[in-house]
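**Q** how does the following fold in three dimensions:
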Amino acid sequence: MKLKSIPTVENDTLFLTKPTLADGADMWNLVNDSTLDLNSSYKYLMMCEFFSETCVVAKQQDQLVGFITAFIPPEQEDVVFIWQVGVDSSQRGKGVASKMLDELISRKACRHVRYLEATVTPSNVASESLFRRLARDHSTDCTVTTCFPAEAFPEDDHESELTYRIGPF
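**A** Numbers count the residues shown, from 1 in each chain. Coordinates of the predicted model:
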């Protein structure tokens, strides 16, 4: 299998870059070792292969320590939707997620993006803080609306998913 050669951006001791197919398994392992919602390994491989322009991996000494999976919805070319943000427990509190978000919105693939959106459950205080900080750091707005109410989910114990919309950038 031939892997893509892509440029990297050094940020302190972190390297922030686009993922390759080889990063998909490490993303899945990072989530599997955390409290994040674990998607199928196929999802991580697919995001690396087909959405690498809008995904970010953070590496330290060649080890994956964080990632963002995201895409630009075809019907909303001015929005980048964040599917998942994962940071290894050894890197939490160091601003890795914020650095990855800044890397993402600065990319050429996001040149037409004016808004960043993500869904967050009400109990996910860390993600709420991350997206509110992004809005504050970029001196822009953060609006919160209900995306999927709890009763839309087939499970009895799933919280509502709230849309955090940050922008305009």
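**Q** I105: neighbouring residues, count only.
**A** 21 (other CB atoms under 10 Å). To be clear about C-beta, it is placed using only N, CA and C from the backbone, and glycine gets the same treatment.
**Q** in what helix or strand does it lie?
**A** According to DSSP states H and E, I105 maps onto helix 96-106.
**Q** secondary structure class of the residue nearest the centre of the chain, three-state.
**A** Closest to where the C-alpha atoms of the chain average out (CA atoms, centre = their mean) is I68, at 2.9 Å. Recorded secondary structure, I68: strand (DSSP: H, G, I helix; E, B strand; the rest coil).
**Q** max-length helix in this structure?
**A** helix 125-137 (DSSP state H).
**Q** confirm S139 sits in a strand?
**A** No - counting by three-state DSSP, S139 is not found in a strand; it is coil.
**Q** buried residues, the longest helix of the chain. List them.
**A** 127-128, 130-131, 133-135 (16 or more other CB atoms under 10 Å).
**Q** got the residues you listed as CSV, with pLDDT columns?
**A** Shown next, in CSV, are the buried residues of helix 125-137 (pLDDT from 0 to 100):
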residue, pLDDT
S127, 95
E128, 97
L130, 97
F131, 98
R133, 97
L134, 98
A135, 98
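**Q** just name the closest of those residues to R111, please.
**A** The closest of the buried residues of helix 125-137 to R111 turns out to be L134 (CB to CB; 18.0 Å).
**Q** give me the contacts around stretch 94-111.
**A** Applying CB atoms under 8 Å, 6 or more residues apart in numbering, the external contacts of stretch 94-111 come out as 9, 11, 14, 16, 53-56, 58, 65-68, 70, 72, 80, 82, 85, 87, 113, 116, 130, 133-134, 137, 169.
**Q** list the buried residues for that stretch?
**A** Within stretch 94-111, the residues that count as buried by 16+ other CB under 10 Å are 94-97, 99-105, 109-110.
**Q** determine which two of these are furthest apart.
**A** Using CB to CB, those span at most 25.4 Å, a distance reached by K94 and A109.
**Q** low-confidence ranges in this structure?
**A** For the chain, the stretches with pLDDT under 70 are 1-12.
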